[in-house]
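Participant: no FASTA, just this:
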């Protein structure tokens, strides 16, 4: 019997560091040099940890709301994992650090945070040394990876690393700490996917 | 900010966020701004620090032992969602439900002769209800049964009663219902705030009772649902919908002026932080168009006061007495019961909805202001609560636009009224949509976002 557990994963980082590109590479194995802005703000991908256990990532993209300090608290609500992305060729590392602070303030303390330096294929234009990311991640207790959404290097691996860190049992609590789950509000057809599929 | 937008939306209250979401889905280029650094405007939910800051300008007193700040999401406007109502339909059609979780409100009560009782909504409940005597119950049963089988397009079910011509008074008379029964039917089920409905055609009231009983039948317990983490989640969810469809969001932006062409009087853009953004149309809440000010934020005052609502946010450390330890409840005090023109409402939620620390209830008592001492007007409500740990009272003017906006492309929404639900909010959304677009709002099922 295979068991699948769902987890909410949020993406964070400055505009245009490649948040959506990393996810599209991971979910659809696609890449485009000229993606304008976020089109698919909610994607899912299931990965198998072993023969009997699978992890379903429900991936939330910022939909551009990070640009003018306008990301809503609802975005962080009940997130189990966060991928904070910076661009190793641009000055975006400081912004990544401030997102770590924001998560420590807003998210559940048990959240698994992965810091990712994207665009590792552009080694010649590198501005942020790998050691800098590594050191910061170690100090703050974060996972760390460099990856390239363009070449695909390190992308699958970084999500697998997160998957291994997620607590498998009991399933993540999405609803109130007290009492049972809420009601499903999905009109006539109950097939509308909600990001809180219960596995119990 | 060189770009030109189709619509600039000012204020991130629920009405504005629904409109922003629907317009973005419709393909309009939307810029949505708020002077505050948080979402929700008047329909926000605040944590404890924000609440005390807003009302007292001080931090929460430690002596009250209210628990963790982040456990709180205290609504500024007390409303619940009718589970078969228009807001639910809008949430489902836009798929915004995927960002939210809901819980059923545990009970709906009505005040009568100093006590509160559950509102009966079916024949069976009517028979059990302590609100009516033996003979009255049989009459009420017949009345409910009539409504249950009443179908608009089947005259046989009308029993010779013309609901469009005859008044509710005549319908009550047809079934011989007593004044006390009329009170809970008209106020706790049809949810009228005053008694004006009695002399109007019965149809409106029948529709509202049917909406109530359908909502009741959906999840049982009560006709209402409520989003976990508070009502402030609703505008955020619609804002996300708007952003996904290309809407641009800017918080913490003071609006210096709403600009119009001096020749034509038509809206041209807004100025914020010394920069001017151009757009064809503007939509905003009354606070951006001079509400309560000598001069509007945009110079001209474009709204008018239509009434005042008093709201008392009360922190309790126990459930409301007489509600069977319910984690949430609505209580309606019909105006006749306490010698008023307008009903008094109590809306209570608790830690079960992730809006307060464990074992804390938040109850909001509200009514339309009728006298010069509004605080005295809500006493019948406060008296039902038992010991109140702390209380925050606000007296809020309600505003409506002075013009429909079709002449100057400035479209203003209404303040949140005293009703206990969101039906009038959705009416306002539809109304503004019609003014902005020149056509009726038709909800189409949104294509689901691409999923792998």
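Facilitator: Sure, I can see it. Since we're looking at a predicted model, the values are computed, not measured.
Participant: Ramachandran coordinates for residue 57?
Facilitator: Unless you meant another one, I'm taking chain A. Phi and psi for residue A:57, reported as degrees, to the nearest 10, are phi -90, psi 130.
Participant: Correction: the question concerned chain B.
Facilitator: phi 60, psi 30.
Participant: burial count for the closest residue to chain A within the stretch 51-200 of chain B?
Facilitator: Using C-beta to the nearest C-beta, residue B:92 is the residue of the stretch 51-200 of chain B that sits closest to chain A, at 3.9 Å. For every residue, glycine as well, the C-beta is placed using N, CA and C. Residue B:92 has 18 neighbouring residues, counting by other C-beta atoms under 10 Å in any protein chain shown.
Participant: what kind of secondary structure is it in?
Facilitator: Assigned by DSSP: H, G, I helix; E, B strand; the rest coil, the conformation of residue B:92 is helix.
Participant: so what pLDDT did it get?
Facilitator: Residue-level confidence at residue B:92 comes out at 92, pLDDT.
Participant: And the residue of chain B most remote from its centre, how far from chain A?
Facilitator: Computed with C-alpha atoms, centre = their mean, the maximum C-alpha offset from the centroid of chain B is found at residue B:263, amounting to 39.0 Å. Distance of residue B:263 to chain A, given as C-beta to the nearest C-beta, to the nearest Å: 33 Å.
Participant: Quickly find the element holding that residue.
Facilitator: According to DSSP states H and E, residue B:263 maps onto no helix or strand at all.
Participant: Quickly check: stretch B:213-225 near chain A or not.
Facilitator: Yes. In terms of C-beta under 8 Å from any C-beta of the partner chain, part of stretch B:213-225 sits within range of chain A, namely B:219, B:225.
Participant: How about residues contacting that stretch?
Facilitator: With contacts defined as C-beta atoms under 8 Å, 6 or more residues apart in numbering or on different chains, stretch B:213-225 is touched by A:183, A:185, B:80-85, B:88, B:102-108, B:121-122, B:147-148, B:189, B:212, B:329-330, B:421.
Participant: Try it again at 6 Å.
Facilitator: A:183, B:80-84, B:102, B:104-108, B:121, B:212 (C-beta atoms under 6 Å, 6 or more residues apart in numbering or on different chains).
Participant: where's that stretch relative to the chain centroid, distance-wise?
Facilitator: Its chain's C-alpha centre and that of stretch B:213-225 lie 17 Å apart, by C-alpha atoms, centre = their mean, to the nearest Å.
Participant: for stretch B:206-216, same thing?
Facilitator: Worked out by C-alpha atoms, centre = their mean, stretch B:206-216 lies 17 Å from the chain centre.
Participant: Can you give me the buried ones in that stretch?
Facilitator: Residues B:206, B:208-213, B:215-216 are the ones in stretch B:206-216 that count as buried (16 or more other C-beta atoms under 10 Å in any protein chain shown).
Participant: Columns secondary structure and pLDDT on top of the residues you listed, output as TSV?
Facilitator: Formatted as TSV, those follow (DSSP: H, G, I helix; E, B strand; the rest coil; pLDDT from 0 to 100):
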residue	secondary structure	pLDDT
B:206	helix	95
B:208	helix	95
B:209	helix	94
B:210	helix	93
B:211	helix	94
B:212	helix	94
B:213	helix	91
B:215	helix	94
B:216	helix	92
